[in-house]
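Peer 1: Give me coordinates for this.
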Amino acid sequence: MSKSKGGISATMINSIIGIAIMFIIRMFPPMAPITETGMEVLGIFIGTLYLWTTVDPTWASIFSIFMIGFSSYSNMGGVIKEAFGNPTVVQMLFMMVFSGALVREKITPYIGRWFLTRKVSEGKPWLLTFVISLGCLLMAVFLGGPFAPIFLFWPVMYDIFQQLGYTNKETYPKLAVIMVVFGSMLGFPVPPYAGNPLALLTNYRTISNNTVELNDGMYFACTLIMGILFLAITIIFLKYVIHPDVSKLKSLKIDDLKKNPLPPMSIHQKILAIAYVVYVLCMLLPSWFPTLPGMAFLKANSTGMAATFVAVLAAIQIAGKPVVDIQGTMKTNVAWSSFFLCTSAILIGSVLTAENTGITPFLNQLLSPLFTGMSTVTFIIFLMIVLMVLTNVCNSLVIGMILQPVILSYCTTTGINAAPIVSLSIFFVLSCAMETPAASPFAAMLFGNKEWLEAKDIYKYCGMIILLELALVLVIGIPMMNLFMG
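Peer 2: Here you go, the predicted structure:
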């Protein structure tokens with residue numbers, strides 16, 4: 001921990017600055033139509049944004065919730081109820097427990113081993129790279145985010161590098177390490193029923209008063225297809241444009257990767273894996289087949305579905321052991337930092353757009369002249385460039401929420417359907433945050449990988465990949481989202 005000359009830690013200094021921002025801004029005279037309550041909320045938001053960027057986001061998120069409770073927006077009991085009683089927050093918590101149980105029961109190595117041992121990729125270095133990256137993408141989709149695939153595949157890749165004689169001075173290992181993270185991040189925005197995409201989708205539904213139809217099933221299908229397509233094109237770009245030496249990989253035998261085989265899956269693992277597949281289907285089928293019997297019931301009770309599955313699986317005991325150990329999973333396999341960050345971000349997003357703050361009308365007055373005469377395509381290009389820049393210097397979830405009122409304002413002013421723009425912005429803001437350590441925890445992991453990467457490597461190669469993704473979003477993403485979500 002860094003120290004100032006007086007022995008005070010940098011964390012303490014940044015904490016004092018963030019708290020000071022919260023109190024100072026509320027003292028400014030309100031700018032109509034922003035109310036005094038709006039100035040209080042704005043100060044808390046800007047101070048929280050500073051704290052999220054500079055110190056531990058867990059305590060910053062909790063502190064921001066209680067600061068709202070001390071404001072004139074509402075009393076403490078009402079704010080706590082709004083924050084932790086939010087159905088989305090409850091759904092997110094139990095979804096983290098459910099996906100955390102998959103990691104705790106060591107199901108992820110079986111998935112990783114399956115992707116690594118496909119015979120079709122033997123002697124084909126770039127196909128193997130694609131298959132591994134695809135495995136990362138799909139694991140991020142179905143296992144609660146990028147952490148599990150990164151932690152699983154990085155050590156495997158290190159073993160391959162060592163076995164084939166690669167060094168950290170060569171280009172391919174650097175690209176392979178980055179592609180594990182990029183593949184994982186392409187899967188991160190896909191599931192509309194979990195984590196940050198759930199928080200962003202819910203936030204837009206809230207600030208738009210549910211006037212925009214955001215079909216979860218179509219969002220899932222479209223973002224999954226885009227992610228796989230973008231991944232394939234990125235691999236082609238690396239192969240033919242950067243063109244690293246991959247000759248050593250041609251000698252890699254799939255049988256070498258099958259050494260030390262995993263034991264057969266236990267009954268606990270099989271039940272948990274099957275239950276998770278059923279849960280995902282329960283979340284998506286009502287959006288795809290709304291007229292089938294039972295779909296209306298599943299949709300109406302979707303926010304409690306994860307809790308129901310966790311409770312049932314915890315009740316099922318085999319050989320004296322529950323299929324889901326709730327206490328053990330919550331202790332070691334739930335990302336509490338992400339949970340509190342999402343919880344406070346959802347609350348702040350709702351509070352910022354509340355009628356008694358006057359912030360939404362202020363944004364409309366401020367932005368309407370800018371949007372006048374701007375075509376939809378021009379607006380989307382402008383929005384995606386802003387998203388790309390801001391999300392790589394600040395937390396991607398926060399930037400996504402900050403810019404959603406901008407999208408709402410434009411779509412309200414022009415009368416266009418917001419669903420394609422919102423969906424595309426969520427996908428892009430969460431998947432491209434990897435250029436600086438502040439962009440996301442996964443970017444920070446890249447910068448922390450001193451064994452295989454230098455900072456200049458990350459800036460160079462991630463910069464290329466992000467610019468390529470921006471081009472793909474504009475050329476492929478816009479028409480695809482308009483086709484499926486419009």
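
Peer 1: Show me the shaky parts of this structure.
Peer 2: Counting by pLDDT under 70, the chain contains low-confidence ranges at 1-7, 257-258, 367-368, 438, 486.

Peer 1: Mind listing what's buried along the helix or strand hosting residue 99?
Peer 2: In this structure, residue 99 is located in helix 87-104 according to DSSP states H and E. For helix 87-104, the neighbour count (16 or more other C-beta atoms under 10 Å) marks 88-89, 91-104 as buried. Using the backbone N, CA and C atoms, a C-beta is placed for each residue, glycine as well.

Peer 1: Looking at those residues, point me to the pair that's furthest apart.
Peer 2: For the buried residues of helix 87-104, with distances taken as C-beta to C-beta, the pair at the greatest spread is 88 and 104 (23.9 Å).

Peer 1: Do a quick rundown of the helices in the stretch 101-250 of the chain.
Peer 2: 108-116, 125-142, 147-164, 171-187, 195-207, 216-237 (DSSP state H, counting those that start in this stretch).

Peer 1: Can you get me a residue count around residue 311?
Peer 2: The tally of other residues near residue 311 (other C-beta atoms under 10 Å) stands at 13.

Peer 1: Now it: which helix or strand?
Peer 2: Per DSSP H and E: helix 305-315 holds residue 311.

Peer 1: Give the buried residues for that helix.
Peer 2: Of the residues in helix 305-315, those buried under the neighbour-count criterion (16+ other C-beta under 10 Å) are 305-307, 309-310, 313-314.

Peer 1: before we move on, what about stretch 461-479?
Peer 2: Buried-residue list, stretch 461-479, by 16+ other C-beta under 10 Å: 461-462, 464-466, 468-470, 472-474, 477-478.

Peer 1: So which of the residues you listed belong to helices?
Peer 2: Among those, the members falling in helices are 461-462, 464-466, 468-470, 472, 478 (criterion: DSSP state H).

Peer 1: Save these as JSON lines, and put in distance to residue 60 too.
Peer 2: What follows is these, written out as JSON lines (distance: C-beta to C-beta, whole Å):
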{"residue": "461", "distance to residue 60": "31"}
{"residue": "462", "distance to residue 60": "26"}
{"residue": "464", "distance to residue 60": "33"}
{"residue": "465", "distance to residue 60": "30"}
{"residue": "466", "distance to residue 60": "26"}
{"residue": "468", "distance to residue 60": "33"}
{"residue": "469", "distance to residue 60": "29"}
{"residue": "470", "distance to residue 60": "30"}
{"residue": "472", "distance to residue 60": "34"}
{"residue": "478", "distance to residue 60": "35"}
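
Peer 1: C-terminal to the helix or strand encompassing residue 280, which secondary structure element comes first?
Peer 2: For residue 280, the host element (DSSP H and E) is helix 267-288. As assigned by DSSP H and E, the chain's next helix or strand after helix 267-288 is helix 295-300.

Peer 1: Run through who's touching that next one.
Peer 2: By C-beta atoms under 8 Å, 6 or more residues apart in numbering, the residues outside helix 295-300 that reach it are 282-283, 285-287, 289-290, 305.

Peer 1: try 6 Å
Peer 2: Helix 295-300 is contacted by residues 282, 286 when judged by C-beta atoms under 6 Å, 6 or more residues apart in numbering.

Peer 1: Buried residues, that helix. List them.
Peer 2: For helix 295-300, burial by neighbour count (16+ other C-beta under 10 Å) applies to 295, 298-299.

Peer 1: Closest one of those to residue 264?
Peer 2: residue 298 (32.8 Å).

Peer 1: Ramachandran angles for residue 190?
Peer 2: Reported as degrees, to the nearest 10, the phi and psi values for residue 190 are phi -70, psi -50.

Peer 1: was I right about it contacting residue 141?
Peer 2: Yes: at 4.6 Å, residue 190 and residue 141 qualify as touching, with contact defined as C-beta atoms under 6 Å.

Peer 1: between those two, which one's more packed in?
Peer 2: In terms of neighbours (other C-beta under 10 Å), residue 190 is the more surrounded of residue 190 and residue 141; the figures are 27 against 23.

Peer 1: can you pull the contacts of that one?
Peer 2: Under the criterion of C-beta under 6 Å, 6+ apart, the contact partners of residue 190 comprise 141, 223-224.

Peer 1: For residue 363, state which of these is nearest.
Peer 2: Sorting the contacts of residue 190 by how near they are to residue 363, with C-beta to C-beta, puts residue 223 at the top with 26.8 Å.

Peer 1: Distance of the closest one relative to residue 383?
Peer 2: To residue 383, residue 223 is 17 Å away according to C-beta to C-beta, to the nearest Å.

Peer 1: the more surrounded of those two?
Peer 2: Under the neighbour definition other C-beta under 10 Å, residue 223 and residue 383 were set side by side, and residue 223 has more, 31 against 19.

Peer 1: Quick check: the gap between that one and residue 404.
Peer 2: Between residue 223 and residue 404 the distance, using C-beta to C-beta, works out to 17 Å.

Peer 1: Same check on residue 181?
Peer 2: When C-beta to C-beta is applied, the distance between residue 181 and residue 404 equals 26 Å.

Peer 1: go on, residue 85?
Peer 2: 22 Å.

Peer 1: higher neighbour count, those two?
Peer 2: residue 404 (25 against 10).

Peer 1: Skipping its backbone neighbours, what lies nearest that one in space?
Peer 2: Nearest-residue entry for residue 404: residue 204, 5.2 Å, with adjacent residues in sequence omitted and distances by C-beta to C-beta, 6 or more residues apart in numbering.

Peer 1: try residue 338
Peer 2: Nearest non-adjacent residue to residue 338 (C-beta to C-beta, 6+ apart): residue 195, at 7.0 Å.

Peer 1: Now for that neighbour, how many residues are close by?
Peer 2: Using other C-beta under 10 Å, the number of residues around residue 195 comes to 24.

Peer 1: Let me know the distance separating it from residue 222.
Peer 2: Residue 195 sits 18 Å away from residue 222, going by C-beta to C-beta.

Peer 1: What's the local residue count around the residue nearest to residue 36 when sequence neighbours are not counted?
Peer 2: Excluding its sequence neighbours, the residue lying closest to residue 36 (C-beta to C-beta, 6+ apart) is residue 30, at 5.4 Å. Applying the criterion other C-beta under 10 Å, we find 17 residues in the vicinity of residue 30.

Peer 1: is it true that residue 30 lies in a helix?
Peer 2: No: for residue 30, which was evaluated using DSSP: H, G, I helix; E, B strand; the rest coil, the result is coil, with no helix membership.

Peer 1: Let's verify the residue nearest to residue 87 when sequence neighbours are not counted: helix, strand, or coil?
Peer 2: Using C-beta to C-beta, 6+ apart and skipping residues adjacent in sequence, the residue nearest residue 87 is residue 303, 4.0 Å away. Following three-state DSSP, we place residue 303 in the helix state.
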